[in-house]
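Q: Just to be clear, the model below is a prediction. Sequence and coordinates:
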Amino acid sequence: MPEKTSHQRWLICALLFFAATVNYMDRQVIGLLKPTLQAQLGWTDDGYGNIVTAFQFAYAFGLLFAGKLIDRLGTRTGFSLAVFLWSLSAMAHAAASSILQFAAARFSLGLGEAGSFPASIKAIAEWFPKKERALATGLFNSGTNVGAIVTPLVVPWLTYRFGWRMAFIATGALGLIWIVAWLALYHRPEESPHISRGELAHIQSDALEQTQKVPLRTLLRLRQAWAVAFGKLFTDPIWSVYLFWMPDFLSRNLGLDLKGMKLPLFVIYTGASVGSIGGGWLSSFLLKRGWALNDSRKTALLVCALAVTPVMLAARTTNGWIAVALIALAAGAHQGWSANLYTIASDMFPKSAVGSVVGFASTVGAIGGMFAAKAVGYTLQHTGSYVPVFVMAGSAYLVALGFVQVLTPRLKPADLSV
């Protein structure tokens, strides 16, 4: 009998999708509850900005080590430890009552969540050939948007029924359930008992890659690593604005309460999910049509960067649904951008170094997010206007693409011997 071809790699992608979903549920709860907690606990915009900054600082700090730790421990063990830490930290928010205590819980959450994307991108590099990586990355990355869609549906019900503390406990506990499934199902392809020889050959169909580890001092000398880092420096802060400040925008500009935010946030993050899959699909589609790797990735990045620009009008329009549509388009374009930016890291670096590269680049992006959080909080505290925020959001991606093009005009593999 001919051997049945397995599709284990897509099950792994599904696990990564659910991890991203849980990650962003835990990350978004505080943004959704911001108006409620601000009213109950007397927060200022600047104080909330400090809470977000604590998360961004810890996320940046954790990413300095997360990638190398994932490379050293392996994807299976390293990812499990990261999810365990962030799940406990998410639940710890329920015990907080002051700005300082929330900031401490967010700091711990940031350390744990720092392991998520380095581990996920490394898993994609281990389980998918290059021609499928952009699509697989877009699929799992769309879980971030699903998490952002589910959270406004679940958190208001939990908050009105059981109180805001239960919202943190219930969403945080989901990660502990995920760990059980991950440990049961995830192995490297060559060690998996569920994979067929045909699928293993398909996964390993790329040319043999280097396997040496890459120290940080080497990454700092490589233009390819800085291309990914600058791509994230200018754009990661924009996604943080959508995630942590969008409920406040809907409340402040559109006058919506916690229940009224459900549909607008559903539209915004559905758009983000479509963009994540669409951006990854576009790059993979062009590659399969015979386009060069560099051309397919850069074209997808350019399309996404241009699609973001109309968001600059979001805070100026008086029509709420036009504002929501512009933000949904921008959120989708961001996720398509992100899927391709992560993928070029695996295009230019061997599998053994992907975790370190993504960790380094994400650190740079998180540092940008940390300063952006302070800037947004300060801007709102003193002007009450989101216009400067959305102008920055609309222009950041074209600037980032310029850096990517200058640093890696041909997406050549990195020379790790330098």
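A: Perfect, I can see it now. Numbers count the residues shown, from 1 in each chain.
Q: From now on I want contacts and neighbour counts done on CA atoms only, so please keep to that.
A: OK.
Q: mean confidence for stretch 289-307?
A: Mean pLDDT, stretch 289-307: 95.
Q: now do stretch 371-391
A: Rounded mean pLDDT across stretch 371-391 is 88.
Q: Distance from that stretch to the middle of the chain?
A: Chain-centre distance of stretch 371-391: 22 Å, with C-alpha atoms, centre = their mean, to the nearest Å.
Q: Show me what the strand or helix carrying residue 26 is packed up against.
A: If you go by DSSP states H and E, residue 26 is part of helix 8-32. Packing partners of helix 8-32 (3 or more C-alpha pairs under 8 Å, 6 or more residues apart in numbering; DSSP states H and E): helix 116-127, helix 130-162, helix 164-185, helix 223-254.
Q: Buried deepest among the ones you listed, which one?
A: With neighbours defined as mean count of other C-alpha atoms under 10 Å, the helices and strands packed on helix 8-32 peak in mean count at helix 116-127, which reaches a mean of 27.
Q: got the contact list for stretch 32-41?
A: 43-44, 48, 97-98, 152, 155, 164, 244, 247-248, 251, 258 (C-alpha atoms under 8 Å, 6 or more residues apart in numbering).
Q: If we use 10 Å, what do you get?
A: 28, 30-31, 42-45, 47-48, 97-99, 148, 151-152, 155-156, 159, 164, 167, 243-248, 251-252, 257-258, 261-262, 265 (C-alpha atoms under 10 Å, 6 or more residues apart in numbering).
Q: For it, buried residues please.
A: Buried residues in stretch 32-41, counting neighbours by 16 or more other C-alpha atoms under 10 Å, are found at 32, 33, 34, 35, 36, 37.
Q: Stretch 200-208 too?
A: Within stretch 200-208, the residues scored as buried using 16+ other C-alpha under 10 Å are 200, 203, 204.
Q: Check the burial of the closest residue in space to the last one that isn't next to it in sequence by counting its neighbours.
A: To tie it back to what came earlier, the one meant is residue 204. Spatially, and ignoring its direct neighbours in sequence, residue 204 is nearest to residue 129 (6.6 Å; C-alpha to C-alpha, 6 or more residues apart in numbering). Counted with other C-alpha atoms under 10 Å, residues neighbouring residue 129 total 18.
Q: Can you tell me how far residue 129 is from residue 413?
A: The gap separating residue 129 from residue 413 is 15 Å, by C-alpha to C-alpha, to the nearest Å.
Q: do the same with residue 218
A: For residue 218, the distance to residue 413 - C-alpha to C-alpha - is 14 Å.
Q: now swap in residue 135 and tell me
A: From residue 135 to residue 413 the distance is 20 Å (C-alpha to C-alpha).
Q: Residue 54 is nearest to which of the helices and strands packed on helix 8-32?
A: Checking those against residue 54 by C-alpha to C-alpha gives helix 223-254 as the closest, at 12.7 Å.
Q: thinking again about what came up before, compare the helices and strands packed on helix 8-32 and say which comes out lowest on pLDDT.
A: Among the helices and strands packed on helix 8-32, helix 130-162 scores lowest, at a mean of 84.
Q: where does residue 195 land in three-state SS?
A: Here residue 195 is recorded as coil under DSSP: H, G, I helix; E, B strand; the rest coil.
Q: so what's the backbone phi/psi at it?
A: phi -100, psi 140 (degrees, to the nearest 10).
Q: wait, doesn't it sit right on residue 6?
A: Yes. Using C-alpha atoms under 10 Å, residue 195 is in contact with residue 6, at 5.7 Å.
Q: if you count what's nearby, which of the two comes out ahead?
A: Using other C-alpha under 10 Å as the criterion, residue 195 and residue 6 rank with residue 195 on top: 17 against 14.
Q: Tell me the spacing between the more buried one and residue 10.
A: Residue 195 sits 11 Å away from residue 10, taking C-alpha to C-alpha as the criterion.
Q: what do you get for residue 34?
A: Computed as C-alpha to C-alpha, the residue 34 to residue 10 distance reads 36 Å.
Q: cool, residue 220 as well?
A: Residue 220 is 34 Å from residue 10, by C-alpha to C-alpha.
Q: Ok, residue 99 next?
A: 42 Å.
Q: before we move on, what about residue 245?
A: 33 Å.
Q: And residue 73, by the same measure?
A: For residue 73, the distance to residue 10 equals 23 Å [C-alpha to C-alpha].
Q: Then residue 232?
A: When residue 232 is compared with residue 10 (using C-alpha to C-alpha), they lie 27 Å apart.
Q: before we move on, what about residue 151?
A: Taking C-alpha to C-alpha, one finds residue 151 at 25 Å from residue 10.
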